[in-house]
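>>> after the sequence you'll find the predicted model.
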Amino acid sequence: MEIREALTFDDVLLVPGASKILPAQVDTRTRVTRDICTNIPLLSSAMDTVTEARMAITMAQVGGMGVIHRNLDVDEQARQVRSVKRFVSGIVYSPITLKPGQTLADAKALQERYNVTGFPVVDDKGRVLGIVTNRDMRFAENDATPVSVMMTTDDLAILTEPADLDEARSLMKARRIEKLLVTDGKGRLTGLLTLKDS
């Protein structure tokens, strides 16, 4: 086995100066394993004070990799990894959804299990019917309240694929919302853009 030289921050001193090389010409891709490559040569440490889901998501967004620590029980480790895998550039692909016949109790259970604050509401074919957010849940007094009663259906903020992230963020800012539903050409839910996390 070949052992290659590795450096830490203290081993390197970058001297500022003019360069003829443009940033677009620089390739910082790094092979972590035979099958895994990162866009920047940075990994966050697998320490409980350093890397959990939020750090791993941030590292992925900038092209690196976060290694979630092992000082968690198995269920929490799995939850953290799921959270990272489902999050790409602020878009949650295959978001957790609700059906109109489900209840506030169901929404609370999903919120507790997956640590999310909003749920798209879809029909049996995956078409968007509405959205249930924390605000909607706060005003429902009975755990048996159906999702169909709680959900927001009017003036939904929906972006049809292909989704341009800059356009999406502008729309969210203009409408003062934190969640934007992403659908295909037939109105079926494909993702959820969350401004708060992106």
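Ah, there it is.

>>> I'd like the distance between the most centrally placed residue in the chain and residue 193.
The chain has residue 87 as the residue nearest its centroid, 2.6 Å off, counting by C-alpha atoms, centre = their mean. Residue 87 sits 11 Å away from residue 193, going by C-beta to C-beta, to the nearest Å. All C-beta atoms are positioned from the backbone trio N, CA, C, and that covers glycine.

>>> then residue 183?
Distance, residue 183 to residue 193, by C-beta to C-beta: 11 Å.

>>> more neighbours: those two, which one.
Taking other C-beta atoms under 10 Å, residue 183 and residue 193 do not tie; residue 193 has more neighbours (25 against 21).

>>> just say helix, strand or coil for the more buried one.
Secondary structure state of residue 193, per DSSP: H, G, I helix; E, B strand; the rest coil, is strand.

>>> tell me what it is bridged to.
residue 91, residue 180 (DSSP bridges).

>>> elements contacting the longest helix seen in the chain?
Criterion DSSP state H: the longest helix present in the chain is helix 74-86. Under the contact criterion of 3 or more C-beta pairs under 8 Å, 6 or more residues apart in numbering; DSSP states H and E, helix 74-86 touches helix 53-61, helix 104-114.

>>> which one of those lies closest to residue 39?
With C-beta to C-beta as the criterion, residue 39 lies closest to helix 53-61 of those, at 9.5 Å.
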